[in-house]
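Chemist: quick one, fold the following:
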Amino acid sequence: MKNIKSMTFDELIKAKMQIESAIYSFIDANRRQLERVMDRVGAVGPVKRNGRRRTVRRKSLKGSKLPVRFRNPTNRKETWAGRGLKPRWLVAALKGGKRKLSDFAVG
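Modeler: As a prediction, this is how the structure comes out:
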């Protein structure tokens, strides 16, 4: 291969296209090998649907019910799963100072 400084513009463009082609071929071969390995291990990854790639998303926890972790002893219907803001009944009971959060825990 010639020295880059001694090449003409057309030769430089041709060399650039050959280098880019080699790079994309290398990337494509590695991607196909990685997809084969991921298929074998059952990993969540890109899925082809209608000829297009899309990433599989995991299900969000929004809207799903969680088990009750805390219950109001004076009103058994008032519960809290331990996520988000503390409910008013729990804040009021804790401010009274006589109880701890563990006193409201469900078995």
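Chemist: okay, and for this structure, where does confidence drop off?
Modeler: 1, 43-58 (pLDDT under 70).
Chemist: for it, which segments are assigned as helices?
Modeler: Ranges of helices within the chain are 9-41, 88-95, based on DSSP state H.
Chemist: wait, which of those helices is closest to residue 103?
Modeler: Closest to residue 103 of those is helix 88-95 (CB to CB; 8.4 Å). Every residue, glycine included, has its C-beta placed from N, CA and C.
Chemist: ok, and what's touching the closest one?
Modeler: Helix 88-95 has contacts (CB atoms under 8 Å, 6 or more residues apart in numbering) with 70, 72, 75, 78, 80, 86, 99-101, 104.
Chemist: these in strands, which ones?
Modeler: Among the contacts of helix 88-95, the members falling in strands (DSSP state E) are 70, 80.
Chemist: using JSON lines, lay out the contacts of helix 88-95 together with distance to residue 12.
Modeler: Shown next, in JSON lines, are those (distance: CB to CB, whole Å):
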{"residue": "70", "distance to residue 12": "71"}
{"residue": "72", "distance to residue 12": "77"}
{"residue": "75", "distance to residue 12": "80"}
{"residue": "78", "distance to residue 12": "75"}
{"residue": "80", "distance to residue 12": "69"}
{"residue": "86", "distance to residue 12": "68"}
{"residue": "99", "distance to residue 12": "78"}
{"residue": "100", "distance to residue 12": "75"}
{"residue": "101", "distance to residue 12": "71"}
{"residue": "104", "distance to residue 12": "74"}
